[in-house]
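Engineer: Structure for the following, please:
(chains A and B)
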Amino acid sequence: MSSLAATLSDSAVITKRNLIKVKRVPDLIVFATLSPIMFVLLFRYVFGGAINLPPGINYAEFLLPGIFAQTVVFGSTVTGASIAEDLQKGLIDRFRSLPMSRAAVLIGRTVADAGLNIISITVMALTGLAVGWRINSSVVEAIGGFVLLLVFAYAISWLMALVGLLVRTPEVVNNASFMVIFPLTFASNAFVPLESFPAALRVFAEWNPVSTVVQGARELFGNTVPGAPVPDAWPLQNPELYTLLWTAIILVVFVPLSVRAYRRTAAR
Amino acid sequence: MSEAIVVDGLVKRFGATTALDGVDLTVTEGSVLGLLGPNGAGKTTVVRILTTLLEADAGRAEVVGLDVVREADAVRAAIGLTGQYAAVDEYLTGFENLEMVGRLYRLGKAEARARAGELLERFDLTGAAHRPAKTYSGGMRRRLDIAASLINRPRVLFLDEPTTGLDPRSRLAMWEFIAELADGGTTILLTTQYLEEADRLADRMVVIDRGRVIARGTADELKAQVGGQRLEFTVTDAAALPGMVEALRPLAVDEPHVDVASRRLSMPVSGGAEVLAEALRRLDGDTDRIFDVGLRRPDLDDVFLALTGHAAEEVATDDEQPAEPAVTGGVR
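Structural biologist: Have a look, this model is predicted:
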């Protein structure tokens, strides 16, 4: 077997293993879907009336791409906790003692977590449609919007894989990622328009890739106000390109770093 | 007979700690080596280096003639590893666990399944084959773990403390499985803290302490190193012990050992049953306080204590540090 074919075959075996867990532990699916539903409903009905939007758009349309982005980015933190758990239980030792591809455990993990994200985003989209969100673009553009969200989250998964391998305790991975991801998603245009931000935070938010994921998704779903001006920052003028650049940089940096950490890691 | 494992001058440091300080050992193809030592002696580090999980800082190690660093993938294909805790995926069933490992050894789908079924049967897990491993008992998980390490019919099997934490019945069952594997010709390197386990399973033993080999040989050779027999008394009242030591000291060939907490006196003697008779004569009048008495051949626990105690002193003098006082059963 060529080494590429071997890597793909090993990765498929590991992906299957991780998806079996999703099937056996229904709580995983329940939480992966319930909390986004809760977020959609809370934001839609609690903040919906309080946030000033330009005329011509309802809050559900503004909100949903933001909720999508926040949920898939949080979803990808699962990667770190799961890898730390496998490390603690000695499974990574077992995998490392097998003549399998050195990247397959990480590929299988990130792919399975992307699968979970697909499930979450589907549930959120259906909930969104029920509370007034609409896709106002073409099918191709809409698919592009979902792909943009999932691809960015996939890159974050690889970053989290490295965190999991270095931190080694699932609970710590969860708390640490919460500390980073929460501010990152809130200091963005996900829930409120950037016009209301203080100046320094606003600059940060404009260059925050979460903002451009959200902006890109809004454009692709047709959830922007026609003719309304976009903030005068390059990332938000070119959100798809800027997001894909970040995605590429994260992957180029963290795929090799994570595989290297996997080769060297030890259970204790 | 060729050597299945050759380890030469292995050194491994973790920060300031030297885990392995020049370990040499060989394991003949088809034999069982017991790697003994107290906690933290370096046993697991040796196993981790031999199974390609860790790289040594110095020295060389070969498994079935393959270098564990330069030919790591070929080594992995030839070995099986069962680590200290059962590394099974608890969400998968027993069957799924074995099938997954088989696939990762690049067996075809049908072969991986057939092999999984075979091994489940061999390890008495057929009835639980389609239950998630989460529902297994400790002994079952350990058996599943060993089964997983046998999927690829390894030439060399590494068992790192395979019975730690098992109840006595599961331990006996595990010993039978391991003995069967050894009879089948698999080379086995077994680490353990249980000397009874090594005595029962291993052809040869290597004792390590603080990262150094301090003894090697067969069980009989190690016992011979520790010396002859001991006279052992257990009394009903510890207050009787000092008097007994005084009365019996002339029979001892080395310093008697008193353990107040277990009310026990143990002393090395030479000679056979007549020493026992002489000892009882000397204790005339005090025998009602004797709870148990016997003349014992050294077992591996004696070997172990004698060897590691000795080594501890040696290391201390080498480094010109104050020797740590050896404390037995006392309270400080």
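Engineer: and the top helix by length along chain A, how far out from the chain's middle?
Structural biologist: Ranked by residue count and defined by DSSP state H, the top helix of chain A is helix A:139-167. Helix A:139-167 has its C-alpha centroid displaced from the chain centroid by 5 Å (C-alpha atoms, centre = their mean, to the nearest Å).
Engineer: cool, stretch B:206-223 as well?
Structural biologist: On C-alpha atoms, centre = their mean, the centre of stretch B:206-223 falls 11 Å from the chain's centre.
Engineer: can you pull the buried residues of that stretch?
Structural biologist: B:206-216, B:219, B:222-223 (16 or more other C-beta atoms under 10 Å in any protein chain shown). Every residue, glycine included, has its C-beta placed from N, CA and C.
Engineer: out of those, which one sits closest to residue B:115?
Structural biologist: Ranked by distance to residue B:115 (C-beta to C-beta), the buried residues of stretch B:206-223 are led by residue B:206 at 32.3 Å.
Engineer: Each with direction, which strands does whichever strand or helix holds the closest one pair with?
Structural biologist: Assigned by DSSP states H and E, residue B:206 falls within strand B:204-209. For strand B:204-209, the paired strands and their directions (DSSP bridges) are strand B:32-36 (parallel), strand B:212-217 (antiparallel).
Engineer: so who does the most centrally placed residue in chain B touch?
Structural biologist: Among the residues of chain B, the one closest to the centroid is residue B:192, at 2.2 Å (C-alpha atoms, centre = their mean). With contacts defined as C-beta atoms under 8 Å, 6 or more residues apart in numbering or on different chains, the neighbours of residue B:192 are B:34-36, B:161-163, B:198.
Engineer: rerun that using 6 Å as the cut-off
Structural biologist: Going by C-beta atoms under 6 Å, 6 or more residues apart in numbering or on different chains, residue B:192 touches B:161, B:198.
Engineer: For it, give the beta-bridge partners.
Structural biologist: Where residue B:192 sits in a bridge, its partners, by DSSP bridges, are residue B:36.
Engineer: got a pLDDT number for it?
Structural biologist: Per-residue confidence (pLDDT) for residue B:192: 89.
Engineer: Distance of it relative to chain A?
Structural biologist: As defined by C-beta to the nearest C-beta, to the nearest Å, residue B:192 lies at a distance of 18 Å from chain A.
Engineer: And for residue B:307?
Structural biologist: For residue B:307, the distance to chain A - C-beta to the nearest C-beta - is 26 Å.
Engineer: So that residue is in contact with residue B:215, correct?
Structural biologist: Yes. Judged on C-beta atoms under 6 Å, residue B:307 makes contact with residue B:215 at a distance of 5.0 Å.
Engineer: what's the overlap in contacts for the two?
Structural biologist: With C-beta under 6 Å, 6+ apart, residue B:307 and residue B:215 have common neighbours residue B:207.
Engineer: still on that earlier bit, elements contacting the longest helix of chain A?
Structural biologist: Other elements packing on helix A:139-167 under the criterion 3 or more C-beta pairs under 6 Å, 6 or more residues apart in numbering or on different chains; DSSP states H and E are helix A:59-75, helix A:78-88, helix A:104-130, helix A:170-186, helix A:209-221, helix A:239-264.
Engineer: OK, contacts around the residue in the stretch 201-332 of chain B that chain A sits nearest to?
Structural biologist: With C-beta to the nearest C-beta, the shortest gap between the stretch 201-332 of chain B and chain A falls at residue B:211, namely 16.6 Å. By C-beta under 6 Å, 6+ apart, the contact set of residue B:211 is B:18-21, B:42.
Engineer: Neighbour-wise, give me the winner out of those residues.
Structural biologist: Neighbour counts for the contacts of residue B:211, by other C-beta atoms under 10 Å in any protein chain shown, peak at residue B:20, which reaches 28 neighbours.
Engineer: Can you verify that one is assigned to a strand?
Structural biologist: Yes. Assessed by DSSP: H, G, I helix; E, B strand; the rest coil, residue B:20 belongs to a strand.
Engineer: Would you mind checking which helix or strand in chain A has the lowest mean pLDDT?
Structural biologist: helix A:26-42 (a mean of 84; mean pLDDT, DSSP states H and E).
Engineer: So what touches that helix?
Structural biologist: A:22, A:67, A:71, A:116, A:120, A:123-124, A:127-128.
Engineer: coming back round to it: please produce TSV containing the helices and strands packed on helix A:139-167, extended by distance to residue B:148, mean pLDDT and mean neighbour count.
Structural biologist: Converted to TSV, the helices and strands packed on helix A:139-167 look like this (distance: least, C-beta to C-beta, whole Å; pLDDT from 0 to 100; neighbours: other C-beta atoms under 10 Å in any protein chain shown):
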stretch	distance to residue B:148	mean pLDDT	mean neighbour count
helix A:59-75	30	92	25
helix A:78-88	15	94	24
helix A:104-130	15	94	21
helix A:170-186	23	90	16
helix A:209-221	41	96	27
helix A:239-264	20	96	17
